[in-house]
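**Q** For reference, the sequence and a predicted model appear below.
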Amino acid sequence: MARIKGRNTAPELIVRRVLAEQGFHYRLHAKSLPGHPDICFRKLRKVIFVHGCFWHRHTCTRGRSNPATNVDFWAKKFRKNVARDREALHSLKALGWKCLVVWECESKDRIRLTARLKRFLSRSEVASKNKT
Ligand SMILES: [Zn+2]
């Protein structure tokens with residue numbers, strides 16, 4: 001719970017391990033990019049965010065759970081987090097980057113995660129899907 005914007009969280013390490021197993025080369029914590037993506041593929045112009053469900057307000061059970069005290073404080077904090085995430089994705093897309101968000105709960109299913117990462121990093125499939 002203490003890791004609000006933690007680096008090297010358990011889900012992130014899982015994602016990195018899968019990428020390494022699949023032979024993908026990446027850079028970590030691209031500080032020059034909007035939102036500081038956790039994992040960056042410069043040549044492919046693709047980035048991956050690994051989000052904690054609680055802090056980034058995923059639609060799963062954990063992401064919808066709320067602390068019982070300081071309700072206003074948390075509501076405000078969560079709103080800020082979500083707005084910041086949305087802004088980062090928006091800016092990255094505007095700059096021509098493809099983005100993938102992997103939620104903490106999704107990192108637990110290794111087989112699905114692997115398939116998803118491979119699909120994201122292979123060719124143009126994601127590009128056409130994200131076009132709005
Ligand atoms: Zn979740």
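**A** Yep, it's here. Numbering: from 1, shown residues only.

**Q** tell me the centre residue of the protein?
**A** F49 (2.2 Å; Cα atoms, centre = their mean).

**Q** Checking the closest residue to P37 other than its chain neighbours next. Helix, strand or coil?
**A** Closest residue to P37 in three dimensions, ignoring its sequence neighbours and counting by Cβ to Cβ, 6 or more residues apart in numbering: V47, at 3.6 Å. Glycine gets a C-beta too; all of them are placed from N, C-alpha and C. For V47, the reduced secondary structure class is strand; criterion used: DSSP: H, G, I helix; E, B strand; the rest coil.

**Q** Contact residues of this structure facing the ion?
**A** Residues of the chain that fall close to the ion, judged by Cβ under 5 Å from the ion: C53, H58, C60, G63, W103, C105.

**Q** where along this structure do the helices fall?
**A** Taking DSSP state H as the criterion, the chain carries its helices at 10-21, 53-56, 61-64, 71-94, 110-121, 125-130.

**Q** And those: which comes nearest C40?
**A** With distances scored as Cβ to Cβ, the stretch of these nearest to C40 is helix 71-94 (10.2 Å).
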